[in-house]
Structures are given as structure tokens and as C-alpha cells.
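# show me the folded form of this:
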Amino acid sequence: LWHHLLLGERLYLSAWIRFLVIAGIVGGSFFGTYVVGVQGLDIPRLLACSGVLAVYNAGVFWLLRGCREPEEAAQNYRRLAALSHATITLDFLVLTYLTWLVGGAESPFLAFYLLHVILAGILLSRRAAYAHAAFGYCLLAGLVVGEGLGWIPRHRPLGAVPAGGEMDSRYLLTVLVVYGLLMALSVFLMTGIAELLRRGERRLRTANLELERL
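Okay, here's the model as predicted:
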């Protein structure tokens, strides 16, 4: 299937997006604290988490070597499918931890769970995508319910979450930045996948013309 042939290129694209997210975590930690004035951000933990993300993403790049082209992806499909499952699962875990650090149930970063659901739908079969969506929802529900019942300590960096229930200017700016980033990453991901499909269509048309000529 053409989906199998494009899996290596899709994983490569998602790995690049992951590096952009890492840069956003590092830059956003300092920008939010020293420019926007968000109070209470746990910068050491955020940087440590971005470091873990960078290390395993570098491992993803290493495993993807020689698997980007359609023919190579078809030969290594089982390996690429396993890598897809692993990366989406790890991404959900990292996202849950980061969301907990930046407001938990009140965090505007909750919207990024949707990005990972979209990614699972693009990379995997319908059944696998539903399974990952259910896993992500369980993590989200566990975080929200755990904080609500007091089982999980709450992090409330003022400015990343509303101060005293009021939406101050710092929180509004945080929401605008987060949703702008989410939309930019979503359109980058979807246009990249659409370009891969167009490229595949061009290859098929060229192959059909060559068959007709022969």
C-alpha cells in the first residue's frame, strides 16, 4: 500500500516537528519567565524534559536512516510501524508531564493532545489510531481527575494559568501563543503529508504513462 511506502518519510517529518517542539519548550521557558513574566515555571524540569525528548528523537533519526525512500520503507515496514507506536506513546507521556508542569487541568497545552491524535491517524491504521487516542485520553483524564481529587500536586505558574480565576494579560498571551503554535504545527504536518501524497500520485502517473508507452 502507498501508506506503507510513505511511512518512513512521515516519521522523518514528525521527527523534525519534534525538534521544533523541543526548541519551543526551551525558548518558551525563558521567554515566558523573563519576557512575559510568568511566575512559577519550573525551568529545570522543563529543560530536563526537553533534553530527554531530544535524546530519544535523535535515536529516532538514527533508526530512520536508510528508510525514507518508498522502496526502503516497504522493506522495513514492520520496524517503522513499531517505531511509530513507540514514538506516539512516548510523546503522549512527555506531553502529559509537560502539561502537568504548566498548569495541569488548567493548562492551555491540553490542546496538543489533539495534535498527537492527528499524528496517530496519519501514521497508523484505524484500529491503532483509536487505541493511541484512547491511551492519550486516559493520560489526560488521569491528570485532570488526579489533580481534582488531590492525588497529584498542582503546578499553577501564574500567567500560564489564570491568576485567581481571572484572565490577566499574561494568560491571554499564553493562550494566543499556544494555539498559534498548535495551528502552525498542524498545518505544517498536514501540508507535508499532502505533498507526500501528491508526490506519490505523480510517481504513479509517470509509471502508468511509461507502461502505456511500453
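
# distance of A134 relative to E9?
Distance of A134 to E9, computed by CB to CB, to the nearest Å: 27 Å. Where you see a C-beta, it was placed from the backbone N, CA and C, and this is true even at glycine.

# please read the previous query as pertaining to P44.
Separation of P44 from E9 (CB to CB): 36 Å.

# same thing with I43?
As judged by CB to CB, I43 and E9 stand 35 Å apart.

# with I25 instead?
Relative to E9, I25 is positioned 25 Å away (CB to CB).

# so C49 makes contact with I25?
Yes - C49 is in contact with I25 according to CB atoms under 8 Å; the separation is 7.1 Å.

# how about L98, nearest residue that isn't a chain neighbour?
Closest residue to L98 apart from its sequence neighbours, by CB to CB, 6 or more residues apart in numbering: C49 at 5.9 Å.

# any idea which element the one you found lies in?
helix 43-64 (DSSP states H and E).

# in three-state terms, label the residue most central in space within the chain for me.
The residue lying closest to the centre of the chain (CA atoms, centre = their mean) is H116, at 5.0 Å. The assignment at H116 comes out as helix when based on DSSP: H, G, I helix; E, B strand; the rest coil.

# returning to what we had before: which one's more surrounded, I43 and E9?
E9 (21 against 14; other CB atoms under 10 Å).

# ok, the more buried one to C67 distance?
9 Å.

# for L46, same thing?
From L46 across to C67, the span is 32 Å (CB to CB).

# repeat that for F135.
Where C67 is concerned, F135 sits at a distance of 25 Å (CB to CB).

# these two: which has the busier surroundings?
C67 (20 against 16).

# related to what we said a few turns ago, so what sits against both of E9 and C67?
When CB atoms under 8 Å, 6 or more residues apart in numbering defines a contact, the residues bordering E9 and C67 alike are A73.

# which other helices and strands contact whichever strand or helix holds I17?
Using DSSP H and E, I17 sits within helix 2-31. If you count contacts as 3 or more CB pairs under 8 Å, 6 or more residues apart in numbering; DSSP states H and E, helix 2-31 packs onto helix 43-64, helix 70-75, helix 77-101, helix 112-123, helix 169-213.

# of all the ones you listed, which one comes closest to L158?
Closest to L158 of the helices and strands packed on helix 2-31, according to CB to CB: helix 169-213, at 7.3 Å.

# where does the prediction get shaky in the protein?
Applying pLDDT under 70 to the chain flags the ranges 1-5, 160, 162-176, 178-180, 182-198, 200.
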